Structures are given as C-alpha cells and as structure tokens.
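J.: What follows is a predicted protein model with its sequence.
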Amino acid sequence: MATTTATITLNSADLSDNVLSISNTMTLTTAGTITGITETTGLARVKMASSTLTDLITVANINGFTAAASAKVYIKNTSTASDKYATIGLAGVAVTMGRLYGGDWMLFPWDGNANEDVTIDMSDATETIIEYMVFFE
Amino acid sequence: MATTTASITLSSADLLSDNLSLSSTKTLHKAGTTTGLDGIQYERQEVATGDIYDIVGSSITNGTALGTDKAHKLYVANKHTDVTRYVDIYVAAVNIGRLYAGDWMFIPLEVAVAAQDVAVDAVGVSQVVEWCFVHEGKTLGQS
C-alpha cells in the first residue's frame, strides 16, 4: 500500500481582521478504509488550443477505475494570464464547477460514474498547458 | 485589496517508482484581474444525516445567484473521524463525489444561476463539515 498525502494551506493576513490560516493534510485512501490508494494516471500535461467544450479526463479511458469510491482529481491551469481561463465541469450530468484562471489549481472528489467525464472549456484558443492527475482505486 | 493564497502539496514516496512531490501556490484573484478576492464565509457545522443541505448558493443569498464571470473559491473538509463515513458533495444538484472522513476539496466556483448551489449529504450518520468560501461578494438576504 502506498502513502500519498495532499496538503492545502489557505493564508491571508488581510482578508479579515484576524489572520486566516487553514492547513489540512489528508492521506489518499480507498473508500471507507485506511488503505492507501495505489493507482494514478500520473501527472499529465495537455496542450489546449481551442475554445470548444471537450473531455479532459474520460472515465472509460482509465483502466480499472472504480466509480462512486474515493477518486480525487487534481487540475492546474499553468498559464500566467490573469484574464484567460478554463471552465471545468462534468459531462453527462452537464455540471459546471468553475473557472481556473492562469495559475489556479483545484482538487476534488470524483464519483466518475459512466459518462461523467471531466470537461474543459477554454475561454479562447490561446495555447495553454493544463496539468491533471487522477488518484483512484 | 486582500492577498489570499492557496497552496497544495501532493507527496508520496511509494505511489510511483520515483517520489511524487508536486506543489503549487496561487494568489486568489477576482475574475480576469489581479485584484484579490475580498469576501469570506468560514463555517463549521454538524450536518445531520438524511437530507441534502446547501452550504453555498442561492439559499444563503436569499435566492440570488452569486453571479456569472466570477472566480469564487470553495474549500470543504469532512472533519468526521470514522473513516468508513463520507459526505456526498453536490454541485447544481448533481453528486460529484465523496469526501470521506479527513478528506478535503478545493474548487473554483461560478454560481451563475440560483440552482447552482453546493450542497452536502452526510451519509449514514451526522458529520462535522468545515467550509471556507472565498468570494467576490454576495447579496445579503433582506430581513
């Protein structure tokens, strides 16, 4: 069993009168256990150069993926442009989560039921590198 | 303008043949700008089991959507300690995934329509959930 951790820190000295300092570390485990996740797509980098809605991560292309378990998805827009973004959503159920502007990242749990592919829609056709990684069981 | 940063570190010595060590830090800006997000809602709540409850969205803002063209960010953590338990996370009434005890998530959020709420369903037992919504501003409900 592997031990993989994900740590987030949210910090601000001036968002409110008191300092905001959130830090949380989770160990990525299989559903309902303390057994570490042992499978991943690895870190992928893809070049997006179209503003057409498309699949970024396709459930059917992840061999051995278990739906409705404890998969996690990491995505980052590596651009430095503050005015261009990637809209991330889920296909099939047609859900839009939100926009990753240049430098933004996200990590979310993913049921990955049939056809619930992770979609991406760039704000324009500017060539942009998107990184993603799926941890699954 | 406020300066708020969100950092992630993904680490493993044995998931892959080589070490996994990935880090990223981003200052949270309003959509399309370099102006810092300046609103926050930080809560901790024991969520009862048996129903789906909104934590961010129109029910919190008196039926008013939080807007298109926004770059809100949402952090959610399941603070329960029994690893067999989880909360389902809903966006726009769709179950996107499970946060097991100890898990957290961080997503951009564009609440373009009133129905695009984020909600949680504590499955099996009540569970304590924390969330921090860093946003561009929202409309308060009139008393």
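T.: Looks like it arrived, so ask away.
J.: Once you drop chain neighbours, what's closest to residue 131?
T.: Assuming you mean chain A. Spatial nearest neighbour of A:Glu131, chain neighbours left out: A:Lys76 (4.5 Å); criterion: CB to CB, 6 or more residues apart in numbering or on different chains. Yep, even glycine has a C-beta here, placed from its N, CA and C like the rest.
J.: that's the other chain; I wanted chain B
T.: Nearest one to B:Trp131, counting by CB to CB, 6+ apart, is B:Val76 at 4.6 Å.
J.: Check B:Phe106 too.
T.: The shortest distance from B:Phe106 to any non-neighbouring residue, by CB to CB, 6+ apart, is to B:Tyr75 (4.9 Å).
J.: ok, now B:Asp38?
T.: Take B:Asp38 and drop its neighbours on the chain: the residue closest to it by CB to CB, 6+ apart is B:Ala2, 5.0 Å away.
J.: What is the burial count for the one you found?
T.: 18 (other CB atoms under 10 Å in any protein chain shown).
J.: Which neighbouring elements make contact with the one helix or strand the residue nearest to B:Phe106 maps to?
T.: Assigned by DSSP states H and E, B:Tyr75 belongs to strand B:72-78. In terms of contacts (3 or more CB pairs under 8 Å, 6 or more residues apart in numbering or on different chains; DSSP states H and E), strand B:72-78 is packed against strand B:86-91, strand B:94-100, strand B:104-109, strand B:118-123, strand B:127-135.
J.: Adding mean pLDDT and mean neighbour count, write the ones you listed out as a markdown table.
T.: What follows is the helices and strands packed on strand B:72-78, written out as a markdown table (pLDDT from 0 to 100; neighbours: other CB atoms under 10 Å in any protein chain shown):
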| stretch | mean pLDDT | mean neighbour count |
| --- | --- | --- |
| strand B:86-91 | 97 | 24 |
| strand B:94-100 | 96 | 23 |
| strand B:104-109 | 97 | 24 |
| strand B:118-123 | 97 | 20 |
| strand B:127-135 | 97 | 21 |
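J.: so which of those strands comes closest to A:Ala31?
T.: strand B:94-100 (6.8 Å; CB to CB).
J.: Who are the packing partners of that closest one?
T.: Against strand B:94-100 (3+ CB pairs under 8 Å, 6+ apart) you get strand A:95-101, strand A:105-109, strand B:72-78, strand B:86-91.
J.: And the contacts of the second one?
T.: Going back to what we said before, that points to strand A:105-109. A:6, A:8, A:70-77, A:88, A:97-98, A:100, B:6, B:8, B:24, B:26, B:89, B:96-99, B:103-108 (CB atoms under 8 Å, 6 or more residues apart in numbering or on different chains).
J.: Who is residue 119 paired with across the strands?
T.: I'll assume chain A. With DSSP bridges as the criterion, A:Thr119 is bridged to A:Asp55, A:Gly89.
J.: meant chain B, my bad for not saying
T.: The partner residues for B:Ala119, given DSSP bridges, come to B:Asp54, B:Tyr90.
J.: so it touches B:Ser58, yeah?
T.: No. In this structure, B:Ala119 is not within contact of B:Ser58 by CB atoms under 8 Å, at 11.0 Å.
J.: hmm, back to that, put together CSV for the helices and strands packed on strand B:94-100, with distance to A:Leu43 on each row.
T.: Formatted as CSV, the helices and strands packed on strand B:94-100 follow (distance: least, CB to CB, whole Å):
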stretch, distance to A:Leu43
strand A:95-101, 16
strand A:105-109, 12
strand B:72-78, 22
strand B:86-91, 24
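J.: Would you tell me which of the ones you listed gets closest to A:Phe135?
T.: Of the helices and strands packed on strand B:94-100, nearest to A:Phe135 by CB to CB is strand A:105-109, at 9.5 Å.
J.: what angle separates the closest one from strand B:86-91?
T.: Using axes from the mean of the first three to the mean of the last three CA atoms, to 10 degrees, the inter-axis angle of strand A:105-109 relative to strand B:86-91 is 130 degrees.
J.: how far does strand A:105-109 sit from the chain's center?
T.: When distances are taken as CA atoms, centre = their mean, to the nearest Å, strand A:105-109 is centred 4 Å away from the chain's centroid.
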